[in-house]
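Asker: Turn this into a model:
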Amino acid sequence: MGEERVGWVRVPVGADSARWTTRGRCKLVLFVVHNVTSATRLLDVLPLFRDDLRVQLLATRTGSSPFQAGVTELLADTGVPVLPWEQALELPVDLAISASFGGQLHLLSKKLTVLSHGVGYNKRLATPDTGHRTPDTGCPSPEAESRTPGAGQPPVFGLSPDWLLFDGSPVADALVLSHPEQLERLRAACPEAAPTAVLAGDPCYDRILAGLPYRERFRRALDVRPGQRLVLLNSTWNPDSLFGDGGEDILPSLLPRLTAELPADEYRSAAVLHPNIWHGHGPGQIRVWLDRARRGGLALVDPLEGWRQALIAADVVIGDAGSVSYYAAALGTPVLLGAASPDGLDARSPVAAFVRQAPRLSPYAPLRSQLDALLDGAGRAKPGAPPGPAELVSSAPGEAAALLRRHFYRFIGMSEPPEPALLDPLPLPPYERVTPTSPLRVVTRLLGTGEIEVSRYADPRSEPAGEGDAHTAVHEDTLDPDRRALADVIFRYGTADDPRYGTPEEWTAEVLTRHPYCALAALVTDRGSCTVRTRGGTLLRLAGAPPAADPAAYVSALYAWLAAGKTWEELTAGGMTVRTGSRGSHHVSVRPIRPVTPGGPGSPLTPAS
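Answerer: Numbering: from 1, shown residues only. Below is the predicted model of the structure:
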C-alpha cells in the first residue's frame, strides 16, 4: 500500500474489499459533505435509502470549506463509512449527492446530483481563485462580472456559469431546484446547465410542514407556557447578518433588551444561529457571548436538530436575509428584519423581494411595541399581492421525498423500493426549562381582593415602566452574590426529594437564615406549584390551576399581597388570581403546609434583626 493511501477505507470499498465485505454487490451512493451546513440537507434525504439492502451509503468531505469544525463529529454520528477525498475521487460510485458546489466536484465520477442547502439559490457570491471552489469565501472574477446580469456584481451562487460550469460543461449531472422561478433564472444566467435541472421540491420545507401539527409539543419543549409569545431571534452567517458586526452592530443592545423589555411571563425568547456561526467562532464562544441573555431566559437552540421545531413554535421572528427568515414567512409567521442588506442577493430572487417588503426592526425604539404591532397586524394580506414565500419556497410541497427518490434511483439505474418514500419526522426536542438566574425586577399591582398583577423583567438596566410597586426576585444561583443578598424573594427550581438541598422545608429555612433581608424563600418543585416560607416562619403551598404560569411569579404576587399589609390567611379560602399581562390569568390556591403556631415572630415580611 502506497503512502498516499494511508487512511483509505478498505471495507466496504477498496482495492481488496471483496475479501472482507459481507454485502459486496451493493450500488454505491456517496454523500459529498462541504461543511456542517450542507451536511444537514444531505441528512434530510439520507432516509430515502432506508431498508434497501441493495445500496451502500458512503460519505466524504471535500475539505474546501473554511468551516471544518463539527464535520467529523457529525459524520461519525451518521455511522456511514467516511472516505478520504482522494479515495472518493478514484471510486466509481453509482450516485454522488452534494448540497453545495464547494470543492472540486468536477473531479468526481459522474452521476452527481447537487441540492440546495438553503431555500433555493439567492446569494451573490464570487468563486474563489484558490483552486478550491467554496461558497464560504471568494473574490470577484472577471467571468462573473461579464456573464452575470448586474455589472460588477458577483454571480449568483448555484445559478451562474462561475459555479455551474467547468471548462464549459456542467459540473453536476442534475441540479435540483425547488421551484420553476429558479429554473427561469437558471435559463437566463446559464443556459448550458438548464438541461440538468430537476424540479423536486424542498425536503427541508416538507419536514417543517409535516411537523406543524406538533407545534404545541414543540412549544412545551421550549417551556413556552399558555399565553406566552415566543420570540425567535435568528441569524445567518456573514458580517452583514443580524449576528454580524459588519454594519450597524445592533446585537449588543438587542440581546439584553429581549429579556429586559419583554415581561418574562408574557414572552419567551430563543435564538437560532447558522451553523457557520457556531462552528466558525466555536460553540463555547457563542455561549460566552450570549451568557447574559441566557441567564435572562434566552434559549439557545441546537442549530442541527432543533431549529425547525423552534421555527414552528415561534409567534414572531426577528431575523435577516437568511433562509430561516424566509421559511418563517412561508409559514405565515410575522418577521421583523433586524439586518436586511439586499446587496448580496440576486435582485430577481424571491428572498430579495421579501427583504424589500418585510418590516424593519427599529433598533432603538421600544421593542415590545414593535413586536405587538407586528403581531396585531399579522395575516392581513394585501389584495392583488404577488406570490409570496408560501408559494415560492416549493412548487411541490409535501412531494420532495417521492420526487427525489425517483430521481436518485433513476440515476442509480434500478427500481425504487415498493414502500412509500418518506422523510424522517422532526424529533421532539428535550424539554428545556426556563431558568432565569438574572435578577428579576418585578412590578406588581393589587387589582382587587386576592387579585394581583405581576410583570417580571430580567436584569433591566433601568427601572421598568408601568404603575405599581417593585421588588427584586432572584434565583439562588444568580451570578452576583450582592444582588442575592439584597433580594426580597429568593427562589430556585428543584424536586422535593433532592438530597443536595434537603426537603423544601429545610431549604427554605436555610435560605432565610443565610439571607436576613429576604422576605420569602420558594422552592419550585413542579411545573405548577411551589413551597414558600415567610420570614415569620409560615410554610405555604402555592398551586396554580392548569394552565399554570411559572410558580415563581405566584411567589412575587404573594410578596406584593403581604407587603401591602395583608395576611396570607385572607387568601386561603378563595386563593389568588395572578394576572400576567392581558393573556394570562391564573388561579392559585394558598394553603399552609402544617398548622401555624400563634404568636410567631412578627409580620411575615419583617427582616430578621
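Asker: I'd assumed residue 579 was in contact with residue 265.
Answerer: No: applying CB atoms under 8 Å, one finds residue 265 not in contact with residue 579, separated by 9.5 Å. Where you see a C-beta, it was placed from the backbone N, CA and C, and this is true even at glycine.
Asker: Determine the residues that are contacts of both of the two.
Answerer: By CB atoms under 8 Å, 6 or more residues apart in numbering, residue 265 and residue 579 have these common neighbours: residue 454.
Asker: give me the low-pLDDT residue ranges for the protein?
Answerer: 1-4, 126-152, 378-386, 595-604, 606-609 (pLDDT under 70).
Asker: quick one: the helices in the stretch 351-500 of the chain?
Answerer: 367-376, 389-392, 400-412, 481-485 (DSSP state H, counting those that start in this stretch).
Asker: hey, which of those helices is tucked in deepest?
Answerer: helix 400-412 (a mean of 20; mean count of other CB atoms under 10 Å).
Asker: and residue 552, which of the helices of the stretch 351-500 of the chain is closest to it?
Answerer: helix 481-485 (14.5 Å; CB to CB).
Asker: for residue 81, phi and psi?
Answerer: In terms of degrees, to the nearest 10, the main-chain angles of residue 81 are phi -60, psi 130.
Asker: Burial check on it, number of neighbours?
Answerer: Neighbourhood size, residue 81 [other CB atoms under 10 Å]: 16.
Asker: Would you enumerate the residues in contact with it?
Answerer: Counting by CB under 8 Å, 6+ apart, residue 81 has contacts 9, 11, 12, 13, 57, 58, 59.
Asker: Dump the one helix or strand the last one maps to to PDB, keeping only the CA atoms.
Answerer: Pointing back at residue 59 there. Residue 59 is part of strand 55-61, with elements assigned from DSSP states H and E. Output in PDB follows, covering the C-alpha atoms of strand 55-61 (Å, rounded to 0.1, in the frame of the first residue of the first chain):
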ATOM      1  CA  VAL A  55     -27.500   0.200  -1.600                       C
ATOM      2  CA  GLN A  56     -24.300   1.000   0.300                       C
ATOM      3  CA  LEU A  57     -24.100   4.600   1.600                       C
ATOM      4  CA  LEU A  58     -20.700   6.300   1.800                       C
ATOM      5  CA  ALA A  59     -19.600   9.800   2.700                       C
ATOM      6  CA  THR A  60     -16.600  12.000   2.000                       C
ATOM      7  CA  ARG A  61     -15.600  15.600   2.800                       C
END
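Asker: buried stuff in it?
Answerer: 55, 56, 57, 58, 59, 60, 61 (16 or more other CB atoms under 10 Å).
Asker: Let's have those residues in CSV, adding distance to residue 163.
Answerer: CSV is the format used below for these (distance: CB to CB, whole Å):
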residue, distance to residue 163
55, 29
56, 30
57, 26
58, 25
59, 22
60, 20
61, 19
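Asker: now, which of those residues sits nearest residue 405?
Answerer: residue 55 (11.2 Å).
Asker: partner residues bridging that closest one?
Answerer: residue 27 (DSSP bridges).
Asker: wait, doesn't it sit right on residue 25?
Answerer: No: using CB under 8 Å, residue 55 is not in contact with residue 25; the gap is 10.8 Å.
Asker: In a markdown table: the helices of the stretch 351-500 of the chain, plus distance to residue 91.
Answerer: As requested, the helices of the stretch 351-500 of the chain are exported to a markdown table (distance: least, CB to CB, whole Å):
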| stretch | distance to residue 91 |
| --- | --- |
| helix 367-376 | 52 |
| helix 389-392 | 38 |
| helix 400-412 | 15 |
| helix 481-485 | 61 |
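Asker: Among those helices, which comes closest to residue 586?
Answerer: Closest among the helices of the stretch 351-500 of the chain, using CB to CB: helix 367-376, at 20.9 Å.
Asker: follow-up on the earlier one: who does the strand holding residue 59 touch, helix- and strand-wise?
Answerer: Judged by 3 or more CB pairs under 8 Å, 6 or more residues apart in numbering; DSSP states H and E, strand 55-61 is in contact with strand 27-33, helix 71-78, strand 82-83, helix 85-90.
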